[in-house]
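Engineer: Just to be clear, the model below is a prediction. Sequence and coordinates:
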Protein chains: 2
Amino acid sequence: MIAIGEASRQSGVGIETIRYYERVGLVPRPERAANNRRLYSAADVGRLRFLKKCRDLGFALADAKTLLDLSEQCSDDCRSVKELADIHIADVRRKISELTELEAALNELTANCASGNVACPMLGRLRSK
Amino acid sequence: MIAIGEASRQSGVGIETIRYYERVGLVPRPERAANNRRLYSAADVGRLRFLKKCRDLGFALADAKTLLDLSEQCSDDCRSVKELADIHIADVRRKISELTELEAALNELTANCASGNVACPMLGRLRSK
DNA sequence: ATAAATTCTGTAGTCACTACAGGATCAAGC
DNA sequence: GCTTGATCCTGTAGTGACTACAGAATTTAT
């Protein structure tokens, strides 16, 4: 059994974030030592690491929770997992294409920005109808 | 002079959002009619439209405010604008590459997810060290 | 014995809105 | 004049996913 600082180090999840996850019911309340400090088991750290990976993959906390719950049920429900992941992949693709368009628009807007300009063409474009 | 609903329609910025922008000092407090209702001028609507475009381009509100201020100063400061935009473009590029990596990782994780599986390989990977 | 590190609770701040609640006023039709 | 519905007002609280304190208690290291 380890303290919260060590659990944070082992899982890569910040101390405040661990307490936040506990507060919102994402992870079960851990045991407490006689001095009221939280005590974490290997399973607890595993859960935190799992959540960390989900977050790194861009899953929302609610989805991460769903995946964690699926993972705790012994029968790995592959279909549910893939459904969730596919929605998320589609989401990521959409974001990529939006950002790509954005980049093009920004490049176009700044293309004629040069230090000698009297009037900034980008501001002009942003101002115009 | 038009009411807030019409200003919202003309600018594409929601009514609540307009009031929010006013509250946080992003746009000047508009005139008020005798009945205390807000009255917007063409210039006010122009400002809202400008902010809308900045937000659509993904600029943070603080940056949008800076651009708006630059735009209101008569001398269009092209250098400051381009600096801000370039930082933002770099930001967008970074996000795109992060998301692209993410998409690859997600595809890899779900590649072997099939409905007949007993154990989900994605969950397995998320659980493992 | 003292200093530094860690932990605790609880609250508030972040960003950019969004969603009410509860009331006032306005415009249009009868 | 009256009713109905649309619009507007203020103020507060919620969202997501943390992050940053304040102020206290305790533990660990020197």
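Structural biologist: Looks like it arrived, so ask away. All values reported here derive from a predicted model rather than from experimental measurement.

Engineer: Tell me how many other residues crowd A:Arg47.
Structural biologist: When neighbours are counted by other CB atoms under 10 Å in any protein chain shown, A:Arg47 registers 22. Any C-beta I mention is one placed from the backbone N, CA and C, and that applies to glycine too.

Engineer: helix or strand for it, which one?
Structural biologist: Element membership of A:Arg47 [criterion: DSSP states H and E] is helix A:42-56.

Engineer: how about that helix: buried residues?
Structural biologist: If you call a residue buried by 16 or more other CB atoms under 10 Å in any protein chain shown, then helix A:42-56 has these buried ones: A:Asp44, A:Val45, A:Gly46, A:Arg47, A:Leu48, A:Arg49, A:Phe50, A:Leu51, A:Lys52, A:Lys53, A:Cys54, A:Arg55.

Engineer: Is any residue of that helix near DNA strand D?
Structural biologist: Yes. Applying CB under 7 Å from any atom of the strand, one finds that helix A:42-56 is in contact with DNA strand D at A:Arg55.

Engineer: what helices or strands is that helix leaning on?
Structural biologist: Secondary-structure packing of helix A:42-56 (3 or more CB pairs under 8 Å, 6 or more residues apart in numbering or on different chains; DSSP states H and E): helix A:4-11, helix A:15-23, helix A:61-72, helix B:121-127.

Engineer: Using a markdown table, please lay out these together with mean pLDDT, mean neighbour count and distance to DNA strand C.
Structural biologist: Shown next, in a markdown table, are those (pLDDT from 0 to 100; neighbours: other CB atoms under 10 Å in any protein chain shown; distance: least, CB to the nearest atom of the strand, whole Å):
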| stretch | mean pLDDT | mean neighbour count | distance to DNA strand C |
| --- | --- | --- | --- |
| helix A:4-11 | 97 | 17 | 2 |
| helix A:15-23 | 96 | 15 | 6 |
| helix A:61-72 | 89 | 17 | 14 |
| helix B:121-127 | 79 | 19 | 24 |
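
Engineer: Now distance to A:Ala33 too, for those helices, in TSV please.
Structural biologist: What follows is those, written out as TSV (distance: least, CB to CB, whole Å):
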stretch	distance to A:Ala33
helix A:4-11	11
helix A:15-23	15
helix A:61-72	25
helix B:121-127	27
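
Engineer: Extract the residue ranges of chain A that are flagged as low pLDDT.
Structural biologist: Judged by pLDDT under 70, chain A has its weakly predicted residues at A:74-77, A:115-116, A:118, A:129.

Engineer: who's in contact with the most centrally placed residue in it?
Structural biologist: Closest to where the C-alpha atoms of chain A average out (CA atoms, centre = their mean) is A:Arg55, at 3.3 Å. Residues in contact with A:Arg55, defined by CB atoms under 8 Å, 6 or more residues apart in numbering or on different chains, are A:Leu61, A:Ala64.
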